[in-house]
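Peer 1: Sharing a sequence plus its predicted fold:
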Amino acid sequence: MLALTSCNAVAGPTKAPEATLPQDATRLDQAARMIVRVTLIGRNCAPFYAVDQAQLQEIGTTLFSQSLDRFGQDRLLKAMNVAETEDTAALRESGAAFWCPLQRAYLNSLRMRGLIGGHR
């Protein structure tokens, strides 16, 4: 489990109202994946690339807090577990040398430039 969710004292509702729109499930998935992704980037890319750890942490923490309020603890943690399993498998399969530049391109496409810099 990720560092953001390893503590049992997570503030916020444990259950959010049931999803009424398909967009809600999509947004939950997107939020969970981004929370997991910024954590994995900080942990796995920093040895090889210049990484803005403070900004990654801020993004992860802010998104986690907002998502917790919106989706509830149970739904968010379940979605994060799925995302972590999938992203960790992809990272292991391809290796950080391949995975990290892909994440830089992805973040740049979201106008989140500078989070992953050049090689160390």
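Peer 2: Cool, the structure landed.

Peer 1: And the residue lying closest to residue 63 once chain neighbours are set aside, what's its pLDDT?
Peer 2: Spatial nearest neighbour of residue 63, excluding adjacent residues (C-beta to C-beta, 6 or more residues apart in numbering): residue 35 at 5.3 Å. C-betas here are computed from N, CA, C, even on glycine. At residue 35, the predicted lDDT confidence score is 97.

Peer 1: Which neighbouring elements make contact with the helix or strand hosting residue 35?
Peer 2: Using DSSP states H and E, residue 35 sits within helix 22-44. Of the remaining helices and strands, those touching helix 22-44 by 3 or more C-beta pairs under 8 Å, 6 or more residues apart in numbering; DSSP states H and E are helix 53-71, helix 73-94, helix 96-109.

Peer 1: neighbouring contacts of the next helix or strand after the last one?
Peer 2: Later in the chain than helix 96-109, the nearest helix or strand by DSSP H and E is strand 116-119. Contacts of strand 116-119 from elsewhere in the structure, counted by C-beta atoms under 8 Å, 6 or more residues apart in numbering, are 41, 45, 48, 49, 50, 51, 52, 100, 101, 103, 104, 107.
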